[in-house]
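> based on what follows, work out the 3D shape:
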Amino acid sequence: MDKPKETKVYATGRRKGAVARVWLSSGTGNITVNQVSLVEYFGREILKMVIEQPLEVTNMLGKVDVMATVSGGGKSGQAGAMRLGISRALVENDATLKTTLRSAGLITRDPREKERKKYGLAGARKRYQYSKR
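Next up is the predicted model:
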């Protein structure tokens, strides 16, 4: 008799210009990003803490493996996208965790995007310096 097929849960997270595709499966707590370990890819401790936040809040830190592919944006946006993706995958796996994650503010997608540069301006809103001469 074959052993039962391991279930993987998929979710997508977005933040700024970054998109994270996250797969969650039962395991020992390994987190890989683009086939590289979490620490190796992100480097900064703060970003590691941001990504692990949903797992800490739900007490799943050593119980699930996370495999993610991220693209677009910078490292901070990618970390935020992964956080949302992990949160959504946890809810997909166990709906009872939704209230816990929502109260921690981890389910809501941050809608802030970079504003485009406007014609005739130095940036999105900054004007060129005025000179009367």
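> below-threshold pLDDT in the protein: ranges please.
Low-confidence segments of the chain, defined by pLDDT under 70, span residues 1-6.
> show me the strands in this protein, by range?
Secondary structure of the chain (DSSP state E): strands located at 8-15, 18-26, 31-33, 36-37, 64-71.
> quick one, longest helix in this protein?
Using DSSP state H to assign secondary structure, the helix with the most residues in the chain is helix 75-93.
> next one: that helix to chain centre, how far?
Offset of helix 75-93 from its chain centre (C-alpha atoms, centre = their mean, to the nearest Å): 3 Å.
> now do stretch 34-49
With C-alpha atoms, centre = their mean as the basis, stretch 34-49 stands 12 Å off its chain's centre.
> what's the longest helix of the chain packed up against?
Counting contacts by 3 or more C-beta pairs under 8 Å, 6 or more residues apart in numbering; DSSP states H and E, helix 75-93 packs against strand 8-15, strand 18-26, helix 38-42, helix 45-57, strand 64-71, helix 98-103. No exception for glycine: its C-beta is placed from N, CA and C like everyone else's.
> kind regards, and thank you for your time.
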